[in-house]
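Participant: Give me a 3D structure for the following:
(one chain, ligands or ions: 1)
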Amino acid sequence: MSILNIIKTRRSTRKYKQTPIPEDVFLRVIEAARLAPSGKNFQPWKFIIVKKQALKEKLAEASRGQKFIAQAAVVIVACAYPEQSYQNQGNYMQSWSIDVTCALDHLMLQAQEEGLGTCWIGAFEEEKVKPILNIPDNVKVLALTPLGYPDEEPRDRGRKPLAEIISYDSY
Ligand SMILES: Cc1cc2nc3c(=O)[nH]c(=O)nc-3n(C[C@H](O)[C@H](O)[C@H](O)COP(=O)(O)O)c2cc1C
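Facilitator: Numbering: from 1, shown residues only. This next block holds a predicted model:
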């Protein structure tokens, strides 16, 4: 598929089959994250691949009880190392959340290419997620995503029209 078609057809998947993901497919999905850009190429990220059912269920619980998270073959927990990220993005912020977002978005698009579903999970409680996976204090949890074969065809949520989101030469 062309990259634009992958982008156009990706949806947040909230129902998954239990079908396991072949290792070569899984490795291509993770490779897409590994190759993402980051501030000064610091790559301040780590992805925890969660396969144990009991852990997936705990993560779903720590994510406001969104049970579909635990249905997927794998849950990926995207983590960041703030102190290893570019410290002066825009002259006012650290780059870690941008860096990890780039990587996770790459991952989600490659997942779509492979026929796999994902769903950005932002509604989680970091203080509950961290002990489940032994994540140290200096590490931030940016997001989670289930990764698995979809068991639904989610509807197109639509987007703002182009004219509303761009301007030329001035704000
Ligand atoms: C920062 C962020 C947080 C999100 N958190 C959740 C979440 O906790 N649970 C969920 O089901 N979807 C979550 N989503 C998915 C959005 O609801 C979804 O991307 C949006 O409605 C557009 O739908 P689409 O992804 O199918 O195009 C999140 C997306 C983003 C970018």
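Participant: Using CSV, write out every CA atom in the longest strand along the chain.
Facilitator: Across the chain, the longest stretch assigned as strand under DSSP state E is strand 140-148. C-alpha atoms of strand 140-148 as CSV (Å, rounded to 0.1, in the frame of the first residue of the first chain):
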residue,chain,number,x,y,z
LYS,A,140,8.0,8.2,31.8
VAL,A,141,5.1,6.2,30.3
LEU,A,142,4.0,8.1,27.2
ALA,A,143,1.3,5.8,25.9
LEU,A,144,0.2,2.2,25.5
THR,A,145,-1.2,0.4,22.5
PRO,A,146,-2.7,-3.0,22.0
LEU,A,147,-1.4,-4.7,18.9
GLY,A,148,-3.3,-7.6,17.3
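Participant: for that strand, packing partners?
Facilitator: With contacts taken as 3 or more C-beta pairs under 8 Å, 6 or more residues apart in numbering; DSSP states H and E, strand 140-148 sits against strand 74-80, helix 96-113, strand 117-118, helix 126-133. The C-beta positions use only the backbone N, C-alpha and C, and glycine is treated the same way.
Participant: among those, which is the most enclosed?
Facilitator: Mean neighbour count (mean count of other C-beta atoms under 10 Å) peaks for strand 117-118 among those, with a mean of 26.
Participant: Neighbours of the residue of the chain found nearest the ligand, how many?
Facilitator: Of all residues in the chain, the one sitting closest to the ligand is Gly122 (2.7 Å; C-beta to the nearest ligand atom). Using other C-beta atoms under 10 Å, Gly122 has 8 neighbouring residues.
Participant: I'd say it and Ala143 touch.
Facilitator: Yes. Gly122 is within contact range of Ala143, at 5.8 Å (criterion: C-beta atoms under 8 Å).
Participant: Just give me the residue closest to the centre of the chain.
Facilitator: The centroid of the chain falls nearest to Leu104 when counting by C-alpha atoms, centre = their mean (3.9 Å).
Participant: Point out the residues in this structure that sit beside the ligand.
Facilitator: Arg11, Ser12, Arg14, Gln66, Cys119, Trp120, Ile121, Gly122, Ala123, Pro154, Arg157 (C-beta under 6 Å from any ligand atom).
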